[in-house]
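In: Build me a model:
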Amino acid sequence: MLQPMDQSHPLATDANPLDVILGGLMRRYKERVPDVQAIVDAMVAEGIVPSGDAIENDHIAFRTMGVEHLGVASLEKIFLHCGYQRRDPFHFPGKKLAAWWYSPPQPVYPRIFISQLLVDDLSIEAANTIRSYTDEVTADPVDALDLDDGAAVDAFLHRPLWRTPTWADYSRLAAESEYAAWVIYNRYYLNHFTVSVHNLPAGYNTVAEFNTFLEAHGFRLNDAGGKIKISADGLLIQSSTVAEMVDADFDDGHNGTDTHRISGSYVEFAERRVLPQFASLPAEEVQREHRRDGFEVGNADKIFESTYSHQTQKRGA
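Out: Residues are numbered from 1 along each chain as shown. Model prediction:
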């Protein structure tokens with residue numbers, strides 16, 4: 001069964017909270033990232049899928065600040081309450097990040113990947129800059145939510161956690177950690193969703209083939225570490241677009257705004273190959289549990305850079 005990319009559901013009181021949360025995340029994400037609809041439109045035009053509903057969402061990802069009251073320990077409560085299970089940890093010492101992935105309560109839902117910045121590993125200046133904002137959060141905000149109210153959780157994920165940063169603070173953070181700068185402005189905005197290319201028709205069902213399709217339609221791909229990222233076991237293959245640039249209003253320090261173009265979100269693509277023990281299964285019998293699960297540090301490390309300036313400058317400002 002496919003996990004539809006368009007998980008929009010009416011905000012009815014009897015709706016599954018997880019459906020409402022995911023629907024809200026995807027709705028706003030598609031509004032903010034025009035590449036999403038453009039890719040879907042190109043796939044429909046080429047006859048790859050009949051509509052966006054036929055696209056499987058492999059996983060979604062969030063970025064967080066690893067500080068008191070926030071970070072993974074806070075955000076994960078929402079998804080654990082909805083039946084997700086925390087799985088493997090990952091560490092990215094070069095980027096000063098930690099992350100975990102979460103398996104869904106049912107295969108119809110996407111996996112979730114949540115990372116956090118190890119703020120105390122940054123310079124004192126950068127850490128102090130971050131805390132000048134995050135210290136405004138004096139208690140875990142998730143604890144104040146009714147986690148059975150999907151609409152309330154959806155609204156929470158799209159409202160500011162701290163004041164609007166200044167361009168000077170954003171720029172200082174970006175000089176040391178582009179991840180830090182992304183989170184200080186974007187907060188919990190969905191960082192990316194992921195097309196499961198292995199469930200697409202032949203000719204498009206590998207990352208290599210799908211990349212060719214994407215580039216033929218003018219989409220820019222993240223080439224950090226190569227356009228195709230391959231796990232050590234060769235069973236998880238990933239790629240991603242370069243993040244869209246968005247107009248961002250910063251606090252100008254005089255009760256006004258200062259607008260700049262910054263990195264927003266992007267789209268990822270994943271090919272999960274069949275595990276060796278199931279290699280003899282007929283293709284029509286292969287299910288999710290027969291494919292490589294989880295994530296890969298080496299792949300994720302380079303995909304993080306989809307929002308970094310050395311990639312986004314390729315799109316132009």
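In: now the helices: where do they sit in the stretch 101-250 of the chain?
Out: In the stretch 101-250 of the chain, the helices defined using DSSP state H, counting those that start in this stretch lie at 124-134, 150-157, 167-176, 178-186, 207-216.
In: among those, which is the most enclosed?
Out: By mean neighbour count, with neighbours taken as mean count of other Cβ atoms under 10 Å, helix 178-186 ranks first of the helices of the stretch 101-250 of the chain at a mean of 23. The C-beta positions use only the backbone N, C-alpha and C, and glycine is treated the same way.
In: Convert that helix to CSV, retaining C-alpha atoms only.
Out: Provided in CSV are the C-alpha atoms of helix 178-186 (Å, rounded to 0.1, in the frame of the first residue of the first chain):
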residue,chain,number,x,y,z
GLU,A,178,24.4,26.8,8.4
TYR,A,179,22.2,24.3,10.2
ALA,A,180,22.0,26.7,13.2
ALA,A,181,21.0,29.6,10.9
TRP,A,182,18.4,27.5,9.2
VAL,A,183,16.7,26.5,12.5
ILE,A,184,16.9,30.0,14.1
TYR,A,185,14.7,31.3,11.3
ASN,A,186,12.7,28.3,10.1
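In: ok so, going back, which of the helices of the stretch 101-250 of the chain sits closest to L281?
Out: Judged by Cβ to Cβ, the one of the helices of the stretch 101-250 of the chain that comes nearest to L281 is helix 207-216, at 21.1 Å.
In: Give me the residues contacting that closest one.
Out: For helix 207-216, contacts defined as Cβ atoms under 8 Å, 6 or more residues apart in numbering pick out 39, 42, 46, 48, 195, 197, 200, 203-204, 221, 227-228, 237-239, 241, 269-271.
In: what's the distance between stretch 267-279 and the middle of its chain?
Out: Counting by Cα atoms, centre = their mean, to the nearest Å, stretch 267-279 is centred 19 Å from the centre of its parent chain.
In: How about it, which residues are buried there?
Out: 267-275 (16 or more other Cβ atoms under 10 Å).
In: ok, these vs Y29, which is closest?
Out: Nearest member of those to Y29, counting by Cβ to Cβ, is V267, at 9.4 Å.
In: which one of the helices of the stretch 101-250 of the chain lies closest to S103?
Out: helix 150-157 (19.5 Å).
In: would you list every one of the strands in the stretch 51-200 of the chain?
Out: Shown for the stretch 51-200 of the chain, the strands assigned by DSSP state E, counting those that start in this stretch span residues 57-65, 85-92, 97-103, 111-117, 192-196.
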